[in-house]
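J.: using only what follows, build the 3D model:
(2 chains)
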Amino acid sequence: MMSYPPQQETFSGPEASSERMPPGSFITGGREQFRTAAWLAAAYNEPGLWLTGGALVVAMGMIILLLGYIAWEGLAAFWPRNVVQIQLFDGTIVCGEVVRVERYVPQPSLLETLPDEIRQKAQRLLGDHGSIRRRLVRIGNYELTGEHFRWVSDFEIASDGESYPASITVFERRAWGRFFGFLQDFVTAEQVVASGSERVWEELTRVHPQALALWKKLRKLEWRDMGRINHRMEKARLQLRKVELDYGEESPEAARGRAEWEKLQAALESEAAELRQQIELVRNRLTQWALRVSTADGRETTLLLGDIVRAYQPNRLFWWQKLAIYRARVWEFLTDEPREANSEGGVFPAIFGTVLMTLLMSIGVVPFGVVAALYLREYAKSGWAVSAVRIAVNNLAGVPSIVFGVFGLGFFCYTVGATIDQLFFSARLPAPTYGSGGILWASLTLALLTLPVVIVATEEALAAVPNSMREGSYACGATKWQTIRRVVLPRAMPGVLTGMILAMARGAGEVAPLMLVGVVKLAPELPIDDQFPFFHPERSFMHLGFHIYDLGFQSQNAEAARPMVFATALLLVLIIFTLNLAAIFIRARLRRRFLGARF
Amino acid sequence: MSSVHNHTINKVENPPANNSQSWEQLQLDLFEEDLKQAPVVHPGLAKEPAIIELDHFGLWYGKKKVLHDISMAIPRGKITAIIGPSGCGKSSLIRSINRMNDLLDGVRYEGDIRVHGESIFSASHDVIELRKRMGMVFQKPNPFPMSVFENVVYPLRIDGIRNRTILEQACERALRAAALWEEVKDRLHTSALELSGGQQQRLCIARAIAGDPEVLLLDEPCSALDPVATAKIEDLFDSLAGQYTLVIVTHNMQQASRVSDFTALLYLGRLLEFGPTVELFSRPKLRTTEAYITGRFG
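T.: Modelled structure (predicted):
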């Protein structure tokens, strides 16, 4: 019988070799050197837990703070506030919504200019609190006052100068921003049909829906129907131009084309004239209604009913009535087009553009990324070349996004797009079709930008597919491609979707490169509409990220756009969240299907 | 056979300084002695018609030689067990028969393996066809991430068969052969990953025989299973023998003695003894074999 030879114990640590400590010496002393505060903390308080947990709490706290702030400001943006009327010491009347309150210390030189009584009041307030409250009032009525906002400090207010008049009415208008005023007369076809605040309000609420419907009709006639005629005319002109380019301007074909074009043009002209007549008719009906209103400081003006989007009397509304207005405003924000240089109205084109671009980007990036990762992981022999490619791909993820934008502009727009224009849209030149920024080029640029994310995630997913599965497939006589297509790819699909989620999150929030390759401030024509060929990948589009930048930093009326910045930011976060949630949901289903129960 | 040979001789010529013979050294001396006679092939094998012949077969992984000069003829329609301690090259040997080792980098062969007298390494021999003629079952169950049905008909799917009737018949036949039909017939279209470990392994056996191979290569098929599942699968081998030639790699000698007709003992990449199971276990011709089957090392 074989057995182990007796082995000498070779391990002898310092503790084992030195004289053994008597039991209990740990408590009674003997290892003095360990009984420091740091040692005790390490032994009993789990410093690693506190360090890591604390870091997490700080990080989460900051994220929650940011999201909470955006959500609060964004959601509050649509709440109809009460309208305050303030009389100042010099007799000026300020009337509007308080949008912001802050405390400040006025310059001494400013106080010098005030009348004695007011200065004393200001100094008393300053003495009591150390600072003075001031409120930013949205005064509106831009065509009369020339400004949208005004600061009102507490000391400026005349005694008993602050009130909330019940009959003050807020008008949201299609132009010139808000109007705050009192109703005087309701005019139909230059006849006063109602006078006095109450009667006019009744008449207004009765007629306003008709006016809105008429306005919608007018817009449809002007935009869609007129647009269609213009579109047909443009198409015919392009056909003629193409004939001229193909056969020469002097050729009989061109002459025939010109004759045809003139005939069509005449027909379309008459159609357009008819439409114009119709438009004029609707416009006349719409402009028959007008409101005579007076402002808080006594000036009178006339508002056309067709220009009014919404009118309400906030000071006499209960909160649930305000909630109805709030809901209507949120709905308008989500579904309507922007107006007033984007600072009012909705952001629907931007939502549409963001979602469509993100989806197109995903469609573009996922196949490419998966194919590239498949080659790297399944086909390529590992070596320095593959390692170099891998490092390059990872570095690509760190390239500033504006660089991708420049590349997209130079390659997609000016090279590929210009070539497409020359080959297929030569009749339209020199006006570019694909030769300038558009949603297709923007999507492809972002696809390039997010490619590394997808490649890395897919590679990891492929690496996680157990080799035993590949072997099982090969042992059945499957070829490499059959193995990849039927076994490896389905198993890696959840990981691929993870890559797609990451790519979407990165791509949807990207702004800088988009500014170069197709995003614009205002693009009322959506990339998908009811005109053949329905999908227009060459069109420029609006994007929520760029919209935020435009509202916050490019707007003429930055203060009015401020709430919209928050609302748009909130919306962008929600949309990215929703897109991710959808992808996560799909991934969870795939996981259940392909990974199943583990044992 | 040179490298290991020289190595062991050196060991014997230069005994350890303290002169106390270690357990490993005794074992190596025994092996060294036996190697002069090995491989010992029992005469009972001679009359069996062979389906797979290994002819002085050797295998390298990179610079490491793992199989040395193995010559054996695996009888047709019988169950042949390959036993030996861990790391002796059992799996490498069985994976060479359907050229699964091709998938690894740096693999080289010497000698030859013939199936029906035809070399599997010749340029004219299609490795895909070879694997289709040999079903293989692995140590751990490896069902694919698809339904039970799709798992079983996978070999037919990759042949491009789409006819539903053919697929269903093949599926039922293979599952019945693998003694799994009664358990899964009502959930053919649920994920195979929801089956238990033993069921998964029988599913893998069903998958291996669905393509109607001649040979089943089983690489420690029961090592990841509990005794009940193991017993079920061992019963299965009996019913499969005759129709298929089975080659089973196992490190479980009881299993080898229970299920196989013939047994081969591999040690350190060499074939030591190969013969009818009963003979090999009752009257081993080499002392190493005796030491191994009585459980004294390994």
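J.: going forward, measure contacts and count neighbours with C-alpha atoms only.
T.: Noted.
J.: residue 184: neighbour count?
T.: Just so you know, I chose chain A. 21 (other Cα atoms under 10 Å in any protein chain shown).
J.: let's do chain B instead
T.: Neighbours of residue B:184 using other Cα under 10 Å come to 18.
J.: now it: how far from residue B:206?
T.: 12 Å (Cα to Cα, to the nearest Å).
J.: any idea how far chain B is from residue A:97?
T.: Distance, residue A:97 to chain B, by Cα to the nearest Cα, to the nearest Å: 62 Å.
J.: can you confirm that residue is in a strand?
T.: Yes - counting by DSSP: H, G, I helix; E, B strand; the rest coil, residue A:97 falls inside a strand.
J.: check contacts around it.
T.: A:81, A:82, A:83, A:84, A:137, A:138, A:139 (Cα atoms under 8 Å, 6 or more residues apart in numbering or on different chains).
J.: what's the closest of those residues to chain B?
T.: Nearest to chain B out of those is residue A:81 (Cα to the nearest Cα; 58.2 Å).
J.: closest one of the contacts of residue A:97 to residue B:277?
T.: Nearest to residue B:277 among those, counting by Cα to Cα, is residue A:81 at 94.6 Å.
J.: excluding its backbone neighbours, what's nearest the closest one?
T.: residue A:97 (6.2 Å; Cα to Cα, 6 or more residues apart in numbering or on different chains).
J.: which bits of the stretch 101-250 of chain B sit near chain A?
T.: B:127-132, B:134-138, B:140, B:142-146, B:154-155, B:158, B:191, B:193-194, B:196-197, B:207-208, B:211 (Cα under 8 Å from any Cα of the partner chain).
J.: of these, which belong to strands?
T.: Applying DSSP state E to these, the entries found in strands are B:134, B:135, B:136, B:137.
J.: okay, those in CSV with pLDDT and neighbour count next?
T.: Below are those laid out as CSV (pLDDT from 0 to 100; neighbours: other Cα atoms under 10 Å in any protein chain shown):
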residue, pLDDT, neighbour count
B:134, 89, 25
B:135, 89, 30
B:136, 92, 31
B:137, 91, 29
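J.: max pairwise distance over the residues you listed: which two?
T.: Pairwise over those, using Cα to Cα, the maximum falls at B:134 and B:137, 10.0 Å.
J.: on the three-state scheme, residue A:274 is what?
T.: helix.
J.: is it true that residue A:311 touches residue A:169?
T.: Yes - using Cα atoms under 8 Å, residue A:311 is in contact with residue A:169, at 6.7 Å.
J.: in terms of neighbours, single out the busier of the two.
T.: Taking neighbours as other Cα under 10 Å, residue A:311 and residue A:169 compare with residue A:169 leading, 23 against 19.
J.: what's the burial count for the residue nearest to residue A:463 when sequence neighbours are not counted?
T.: Using Cα to Cα, 6+ apart and skipping the chain neighbours, the partner closest in space to residue A:463 is residue A:377 (7.3 Å). Residue A:377 has 18 neighbours, counted by other Cα under 10 Å.
J.: and for residue A:72?
T.: Neighbour tally, residue A:72, other Cα under 10 Å: 14.
J.: what's whichever residue of the stretch 401-550 of chain A sits closest to chain B sitting at in phi/psi?
T.: Residue nearest to chain B within the stretch 401-550 of chain A: residue A:477 (4.7 Å; Cα to the nearest Cα). Dihedral angles phi and psi of residue A:477 (degrees, to the nearest 10) take the values phi 90, psi 20.
J.: and it, what is it in contact with?
T.: By Cα under 8 Å, 6+ apart, the neighbours of residue A:477 are B:127, B:128, B:129, B:130, B:131, B:132, B:155, B:158.
J.: isn't the last one right next to residue A:478, touching?
T.: Put plainly, it is residue B:158. Yes - with contacts counted by Cα under 8 Å, residue B:158 reaches residue A:478, the gap being 6.2 Å.
J.: please state the offset of the helix or strand hosting residue A:407 from the chain centre?
T.: Assigned by DSSP states H and E, residue A:407 belongs to helix A:401-408. Centroid separation between helix A:401-408 and its chain, computed with Cα atoms, centre = their mean, to the nearest Å, is 20 Å.
J.: just give the number of residues close to residue A:266.
T.: 12.
J.: measure it to chain B for me?
T.: 62 Å.
J.: cool, and residue A:172?
T.: For residue A:172, the distance to chain B - Cα to the nearest Cα - is 59 Å.
J.: looks like that residue contacts residue A:310 (just checking).
T.: Yes - under the criterion of Cα under 8 Å, residue A:172 makes contact with residue A:310 at 5.1 Å.
J.: the stretch 201-350 of chain A: strands as residue ranges?
T.: Applying DSSP state E, counting those that start in this stretch to the stretch 201-350 of chain A gives strands spanning A:289-294, A:300-304, A:308-312, A:338-339, A:344-345.
J.: now for the fourth one, which elements pack on it?
T.: It refers to strand A:338-339. Identification of packing neighbours for strand A:338-339 by 3 or more Cα pairs under 8 Å, 6 or more residues apart in numbering or on different chains; DSSP states H and E yields strand A:344-345.
J.: which stretches in the stretch 301-450 of chain A count as helices?
T.: Remark: helices assigned in the stretch 301-450 of chain A by DSSP state H, counting those that start in this stretch are A:319-335, A:348-374, A:384-396, A:401-408, A:418-424, A:439-463.
J.: picking up where we left off before, give me the buried positions along the helix holding residue A:407.
T.: A:401, A:402, A:404, A:405, A:406, A:407, A:408 (16 or more other Cα atoms under 10 Å in any protein chain shown).
J.: adding distance to chain B and pLDDT, write those out as CSV.
T.: CSV is the format used below for the buried residues of helix A:401-408 (distance: Cα to the nearest Cα, whole Å; pLDDT from 0 to 100):
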residue, distance to chain B, pLDDT
A:401, 38, 91
A:402, 42, 93
A:404, 38, 94
A:405, 41, 93
A:406, 43, 95
A:407, 40, 94
A:408, 40, 93
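J.: and the residue of the stretch 401-550 of chain A closest to chain B, how far from residue B:116?
T.: Residue A:477 is 19 Å from residue B:116, by Cα to Cα.
J.: also residue B:146?
T.: Residue B:146 is 35 Å from residue B:116, by Cα to Cα.
J.: pick out whichever of these two has more residues nearby.
T.: For residue B:146 versus residue B:116, neighbours defined as other Cα under 10 Å are more numerous around residue B:146 (23 against 12).
J.: isn't that one up against residue B:191?
T.: Yes - judged on Cα under 8 Å, residue B:146 makes contact with residue B:191 at a distance of 5.5 Å.
J.: show the average pLDDT along stretch A:591-599.
T.: Summarised as a single mean, pLDDT over stretch A:591-599 is 59.
J.: quick revisit: buried subset of the residues of the stretch 101-250 of chain B next to chain A as a ChimeraX selection?
T.: A single ChimeraX command selects the buried members of these (16+ other Cα under 10 Å):
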select /B:127,128,130,131,132,134,135,136,137,138,140,142,143,144,145,146,154,155,158,191,193,194,196,197,207,208,211
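J.: buried set for stretch A:108-125?
T.: So, applying 16+ other Cα under 10 Å, buried residues of stretch A:108-125: A:118, A:119, A:122, A:123, A:125.
J.: run through who's touching that stretch.
T.: With Cα under 8 Å, 6+ apart as the test, stretch A:108-125 has contacts from A:89, A:131, A:132, A:155, A:156.
J.: show me the contacts for the first one.
T.: For residue A:89, the contacting residues are A:118, A:156, A:157, A:158, by Cα under 8 Å, 6+ apart.
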